[in-house]
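# below are the sequence and a predicted model for it; my questions follow.
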Amino acid sequence: MINGSADYRDSGLEFPADFLLGSATAAYQIEGAFQEDGRGPSIWDTFSHTAGRTLDADTGDVADDHYHRVNSDLDLMKRLGLEAYRFSIAWTRIQPSGSGKPLEAGLSFYSRLVDGLLDRGIKPIATLYHWDLPQELEDKGGWPERDTALRFAEYASIVGDALGDRVAVWTTMNEPWCAAFLGYGSGGHAPGRTSDLAALRAAHHLNLGHGLALQELRHVVTKPDAQYSITLNFHALRGEDNSSPEAIRRIDALGNRSFTGPLLHGEYPIDLLQDTHAITDWSFVQPGDLETIHQPIDFLGVNFYSTATVRMWDGKSDKLTNDGHRDVGGSAWPGSRNVEFLPQPGPLTAMGWNIAPEALEELLVSLSQEFPKLPLVITENGAAFDDVEVEGRVHDQKRVDYLRRHFTAAHRARARGVDLRGYLVWSLLDNFEWSYGYSKRFGLVRVNYETQERTVKDSGLWFAELIETRRIPEGRE
């Protein structure tokens, strides 16, 4: 190890040639063109156009205008040396209402994107669902209703049939925890509902949609070496006092095991069912559902940003609820509202999330121990900072340092035996950061939202050097 230290600021550590290095985006966050070529409204269109839902009333109507700038953005990816690009497909570009005959214009756009990636030697990683449910399906009940999972399988079949001869990796869903518990529980994400029962029902039907979609994809995809996965955002939990083990157990059940349980073990955790018994008897889980959900996958996508410190609320003082997401009155923790989320020690990113590379290492090791035969890929990791552009340069040293420390954590996890196959930095471009609008910048590339000019930040240059040399560079001056 070169320059080894406890602060994870190593440099010179090498990744093998087959370790996949790339970046990621999501459709609603970058595409814009929200009413073009037949695209229908999604829940995020409705949410962002509703007063008070997003900061400064920002919407994804234009975003990064990627829909019109796809070729130049592909050239930018090539210039950075990306080996893989993880993008999501907007369901309403394919089926405006969430069902029925597909739009050829939408399929053509993603076909051109995939071909453009392949022409530049970049591996396409397609995510079918990154939170943008067709509004018409939400009007019929959304993810709390079983029919939405059936419609998702139909959509997966259409896209798989159209692109399945070329896409290298299929990811069914991105962070279904956010879709279920922020969308239907806390109300901080679209569609903005605040129902404990709806959140739990949505979680199950997202799980079911994953399983049904995998079955459809495997039926229609013709690329013989295509891989299949799902991406989960893991809650890396810490304790503070004697009540913390119980708090950790409860949040782990809702935040992590409500998905890894059925997806990877074939059952929901008993303690999750017990914690939520006053809300539901889980009778919406029908015979055969768990077998459908428990499909084999080729790797597990891991999204990681920060940690959370929890304890049980004593009922005597004001309750602390800083779980890292915007608080709009609901709860993302049905059945466990008596858990407190404590302020995290710094340093913090612009999102207010703490920087803890050691937690990434421990998360990867723990997942490897629980699922020893399942390869892992970091499908999102990155940070928002208040970047400043000066004379055409963006000297984002905090992001460079963040990435250096987290790549070191990934390397250390591999050295401990973790079968980690790749690392995709979030995000390629500054973009629409959901309820935070355009106030938070995660990109390796700065976007001037008035002119749509792209400027590669120092972090992008640092990452390009890592890809080229396979070695973790030092910080950039």
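Perfect, thanks for sending it. These numbers come from a predicted model, not from an experiment.

# pLDDT weak spots in the chain?
The chain contains residues with pLDDT under 70 at 1-5, 326-327, 476-477.

# make it 80
The model of the chain has pLDDT under 80 over residues 1-6, 316, 318-329, 475-477.

# do a quick rundown of the helices in the stretch 151-300 of the chain.
176-177, 196-220, 244-252, 258-260, 270-275, 289-293 (DSSP state H, counting those that start in this stretch).

# between those helices, which one is nearest to Gly52?
helix 196-220 (20.5 Å; C-beta to C-beta). Where C-beta positions appear, they are placed from N, C-alpha and C, glycine not excepted.

# list the buried residues for that closest one?
Of all the residues in helix 196-220, those buried under the rule 16 or more other C-beta atoms under 10 Å are 196, 198-214, 216-217, 220.

# what do you get for stretch 240-257?
Neighbour-count burial for stretch 240-257, counted by 16+ other C-beta under 10 Å, picks out 243-244, 246-257.

# ditto for stretch 429-449
Buried positions in stretch 429-449, judged by neighbour count with 16+ other C-beta under 10 Å: 429-438, 440-447, 449.

# where along the stretch 301-450 of the chain do the strands fall?
307-312, 339-342, 376-381, 389-390, 393-394, 420-426, 445-447 (DSSP state E, counting those that start in this stretch).

# is it possible to export these to CSV including distance to Lys78?
Listed next are the strands of the stretch 301-450 of the chain as CSV, based on distance: least, C-beta to C-beta, whole Å:
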stretch, distance to Lys78
strand 307-312, 35
strand 339-342, 42
strand 376-381, 21
strand 389-390, 23
strand 393-394, 20
strand 420-426, 16
strand 445-447, 13
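
# between the buried residues of stretch 240-257, which sits nearest Ile472?
Distance to Ile472, by C-beta to C-beta, is smallest for Asn256 among those, at 28.4 Å.

# the closest one: what's it in contact with?
Shown in contact with Asn256 (C-beta atoms under 8 Å, 6 or more residues apart in numbering): 232, 234-235.

# ok, 7 Å please
The neighbours of Asn256, taking C-beta atoms under 7 Å, 6 or more residues apart in numbering as the test, are 234-235.

# from Ser42, how far out is it?
Distance from Asn256 to Ser42, counting by C-beta to C-beta, to the nearest Å: 27 Å.

# how about Trp131?
When Trp131 is compared with Ser42 (using C-beta to C-beta), they lie 8 Å apart.

# more neighbours, the two?
Ser42 (29 against 24; other C-beta atoms under 10 Å).

# any idea how far the more buried one is from Asp58?
In terms of C-beta to C-beta, Ser42 sits 16 Å off from Asp58.

# not counting sequence-adjacent ones, nearest residue to Gly164?
Spatially, and ignoring its direct neighbours in sequence, Gly164 is nearest to Val221 (3.4 Å; C-beta to C-beta, 6 or more residues apart in numbering).

# my read: that neighbour touches Ala162, true?
No - look at Val221 against Ala162 with C-beta atoms under 7 Å: they stay out of range, at 10.4 Å.

# hey, where'd the helices end up in the stretch 351-477 of the chain?
Assigned by DSSP H, counting those that start in this stretch, the helices in the stretch 351-477 of the chain fall at 357-370, 397-415, 458-469.

# quick one: closest of the ones you listed to Pro16.
helix 397-415 (8.9 Å).

# list of residues touching that closest one?
Helix 397-415 is contacted from outside by 8-10, 13, 15, 355, 357-358, 360-361, 364-365, 378, 381, 383, 385, 420, 423, 425, 458-459, 462-463, 472, 475-476, using C-beta under 7 Å, 6+ apart.

# can you check stretch 350-369 too?
Contacts of stretch 350-369 with the rest of the structure, by C-beta under 7 Å, 6+ apart, involve 8, 234, 236, 302, 304-307, 324, 344-349, 376, 384-386, 402, 405-406, 408-410, 412-413, 416-420, 440.

# pretty sure Leu264 contacts Phe371?
Yes - when contacts are counted by C-beta under 7 Å, Leu264 is listed as touching Phe371 (5.9 Å).

# more neighbours: which of the two?
Between Leu264 and Phe371, counted using other C-beta under 10 Å, the more crowded position is Leu264 (21 against 15).

# show the contacting residues for that one.
Applying C-beta under 7 Å, 6+ apart, the residues near Leu264 are Phe371.

# quick check: phi and psi at Leu21.
Backbone torsions of Leu21, given as degrees, to the nearest 10, read phi -120, psi 130.

# what residues are up against it?
Contact analysis of Leu21 by C-beta under 7 Å, 6+ apart lists 83, 422-423, 466-467.

# quick check: next helix or strand after the helix or strand where Thr127 lies?
Following DSSP states H and E, one finds Thr127 within strand 123-129. The helix or strand immediately downstream of strand 123-129 is helix 135-139, counting by DSSP H and E.

# which neighbouring elements make contact with that following helix?
Where contact means 3 or more C-beta pairs under 7 Å, 6 or more residues apart in numbering; DSSP states H and E, helix 135-139 is packed against helix 43-48.

# contacts for the helix it packs on?
Applying C-beta under 7 Å, 6+ apart, the set of residues contacting helix 43-48 from outside is 28, 34, 53-54, 58-60, 131-133, 135, 138, 190-192.
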